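Colleague: All I have is the shape, not the residue letters:
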């Protein structure tokens, strides 16, 4: 159509703007490209193939499918909106759209499938801004284990906004999007999958996880080396392996106050390996992994020599064994609870008990000085 003839040979097509809003694509007529012909409410395979002058198109809001290579080679197209009626997007649908900067998937409640999601859909394109308004289907086939997302590995993607209808950021969704600088996470999120933002080294500043999220998957923020602060809400029940590994500029980590314990899966302190948290707020109990290999390192924070300050919230009733084992730089602990939390085995081993100051409620100074585990500190004073 306006870019090539029925046999696929390039033409001198001049189509630049096409507004199909309020219209319907219907079946019938002759073939438009090789053996392809129109079908009801479908942007068929190769329908706009090599329409290199096309800069603007409005897709009908009743289209249910965008076919293989439907916009392949539309090199002048700068922006496109996928309506919430679309259920499936075919292979190479937006390949070689080299000026495609803005991609919008409208808000919706039915998931959108990128067929055979092996991230070929945008190959040769350069999306910088993405709005994701609904869940994407997660291809569970074997070859999708590493690249199930059409957006993973895009080095020029800068900004992602996730709408409130999205409940899950799929595994590998933005894996190795090294130029991603800004993410807005929707309030409807309940899970962030494995490797979802792995390697997003340009994400900067403070990140607050939305307060409905229950699961942070393995390596979900691994390698986000420019993040400085992360807040985990009290809705989160589980944090996977290596979740914050190699976040080397992560200085502040907050676990919000809550009454349900938080589990760091297989707590063998790999969660923050290569990171350098200096300030920790612990607002609830952590689950204690009682598996055999966790006997020496059950805590995600043990062995962190950069940790300087820990604040323990009123809901914390127990400091698990090895929690701050060998945190040799820890020089301040602040506790708001009047009743001392139980100090587990070796939880403060390796910390200088003469250098580290412990601040507690004024009415409880004498209590802390007399309780096992806390009495070893020589500098316990009032907050």
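Modeller: Structure's in. What do you need? Because the structure is predicted, anything quoted here is derived from the model rather than measured. Numbering: from 1, shown residues only.

Colleague: ok, residue 381 - how many residues close by?
Modeller: 12 (other CB atoms under 10 Å). Using the backbone N, CA and C atoms, a C-beta is placed for each residue, glycine as well.

Colleague: Start the count at 166 instead of 1 going forward.
Modeller: Taking 166 as the first residue, the last one we looked at is residue 546.

Colleague: roughly how far apart are it and residue 527?
Modeller: Separation of residue 546 from residue 527 (CB to CB, to the nearest Å) stands at 9 Å.

Colleague: Pass me the low-pLDDT residue ranges in the stretch 316-465 of the chain, would you?
Modeller: Low-confidence segments of the stretch 316-465 of the chain (pLDDT under 70): 432-434, 454-463.

Colleague: for it, what spans make up the strands?
Modeller: Applying DSSP state E, counting those that start in this stretch to the stretch 316-465 of the chain gives strands spanning 324-327, 333-334, 347-349, 356-357, 370-373, 380-381, 392-397, 403-404, 417-420, 428-429, 444-447.

Colleague: Touching the second one from outside, list them.
Modeller: Under the contact criterion CB atoms under 8 Å, 6 or more residues apart in numbering, strand 333-334 has outside partners 300, 303, 327, 350, 354-358, 361-362.

Colleague: from the chain's centre, how far out does that strand sit?
Modeller: 8 Å (CA atoms, centre = their mean, to the nearest Å).

Colleague: Parallel or antiparallel, list what pairs with that strand.
Modeller: Strand 333-334 sits in its sheet next to strand 356-357 (parallel), going by DSSP bridges.

Colleague: ok so, going back, make TSV out of the strands of the stretch 316-465 of the chain and add distance to residue 277 and mean neighbour count.
Modeller: Shown next, in TSV, are these (distance: least, CB to CB, whole Å; neighbours: other CB atoms under 10 Å):
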stretch	distance to residue 277	mean neighbour count
strand 324-327	13	20
strand 333-334	13	24
strand 347-349	19	14
strand 356-357	17	23
strand 370-373	25	13
strand 380-381	22	22
strand 392-397	28	19
strand 403-404	27	20
strand 417-420	34	20
strand 428-429	32	20
strand 444-447	38	20
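
Colleague: Serialize those to TSV and add fields for distance to residue 474.
Modeller: Listed next are the strands of the stretch 316-465 of the chain as TSV, based on distance: least, CB to CB, whole Å:
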stretch	distance to residue 474
strand 324-327	32
strand 333-334	31
strand 347-349	27
strand 356-357	27
strand 370-373	17
strand 380-381	23
strand 392-397	14
strand 403-404	21
strand 417-420	10
strand 428-429	20
strand 444-447	5
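
Colleague: ok, residue 211 to residue 201 distance?
Modeller: Plainly put, residue 211 is 6 Å away from residue 201 if you go by CB to CB.

Colleague: Residue 377 now?
Modeller: Between residue 377 and residue 201 the computed distance is 43 Å (CB to CB).

Colleague: List the contacts of the nearest residue to residue 502 once chain neighbours are set aside.
Modeller: Computed as CB to CB, 6 or more residues apart in numbering, the closest residue to residue 502 that is not its neighbour in sequence is residue 479, at 4.9 Å. Neighbour list for residue 479: 422, 501-502 [criterion: CB under 8 Å, 6+ apart].

Colleague: Tell me which entries of those residues lie within helices.
Modeller: Per DSSP state H, helices hold no members of those.

Colleague: so what's residue 251 up against?
Modeller: 224, 228-231, 277.

Colleague: Of those, which is the most crowded?
Modeller: Of the contacts of residue 251, with other CB under 10 Å as the count, residue 231 tops at 28 neighbours.

Colleague: Would you confirm that that residue contacts residue 257?
Modeller: No: look at residue 231 against residue 257 with CB atoms under 8 Å: they stay out of range, at 10.9 Å.

Colleague: what about residue 184, neighbour count?
Modeller: With neighbours defined by other CB under 10 Å, the count for residue 184 comes to 11.

Colleague: In contact with it: list those residues for me.
Modeller: 221-223.

Colleague: which of those lies closest to residue 450?
Modeller: residue 223 (53.3 Å; CB to CB).

Colleague: How about the closest one: which residues does it bridge to?
Modeller: Bridge pairing for residue 223 - DSSP bridges - gives residue 184.

Colleague: Quick check: pLDDT value at it.
Modeller: Note on residue 223: pLDDT of 95.

Colleague: likewise residue 208?
Modeller: pLDDT recorded at residue 208 is 96.

Colleague: for it, what are its contacts?
Modeller: 190, 224, 228, 230-232, 235.
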